[in-house]
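Participant: Here is my input, please return the structure:
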Amino acid sequence: MSLSQYSNILSLSSEEITAEILKIEKKIFDLRFKKATRQSYKFHELKHEKRKLAQLKTFEKKLLEKNQ
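Facilitator: Residues are numbered from 1 along each chain as shown. Take a look at the predicted model:
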């Protein structure tokens, strides 16, 4: 599993970014739930998903500032 590149995020529209944010937030919730219930999960996935979420939210914020 590789981390997303910033150049890949640049090609997304604002609707796609919002949909991707929701998808990643759900995945983070599921991973945290697995951790809390002591189910098996890959530890690095939580870190990677958090990083992707931060990148998307940062890019979304920059888009909003640019459009105002």
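Participant: Could you find the closest non-adjacent residue to residue 63?
Facilitator: residue 14 (5.9 Å; CB to CB, 6 or more residues apart in numbering). Glycine gets a C-beta too; all of them are placed from N, C-alpha and C.
Participant: so where is the protein shaky, pLDDT-wise?
Facilitator: Along the chain, the parts satisfying pLDDT under 70 run over 1-4.
Participant: residue ranges for the helices of it, please.
Facilitator: With helices called from DSSP state H, the chain shows them at 6-10, 14-36, 43-67.
Participant: can those go into JSON lines with extra columns for mean neighbour count?
Facilitator: As requested, the helices of the chain are exported to JSON lines (neighbours: other CB atoms under 10 Å):
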{"stretch": "helix 6-10", "mean neighbour count": "10"}
{"stretch": "helix 14-36", "mean neighbour count": "14"}
{"stretch": "helix 43-67", "mean neighbour count": "13"}
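Participant: Grab the most central residue of this protein for me.
Facilitator: residue 53 (2.7 Å; CA atoms, centre = their mean).
Participant: What residues does that residue make contact with?
Facilitator: 21, 24-25, 28 (CB atoms under 8 Å, 6 or more residues apart in numbering).
Participant: tell me which of the residues you listed is nearest to residue 62?
Facilitator: Residue 62 has its nearest neighbour among the contacts of residue 53 in residue 21, at 14.0 Å by CB to CB.
Participant: still on that earlier bit, export the contacts of residue 53 to TSV and tack on distance to residue 57?
Facilitator: TSV is the format used below for those (distance: CB to CB, whole Å):
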residue	distance to residue 57
21	7
24	10
25	10
28	12
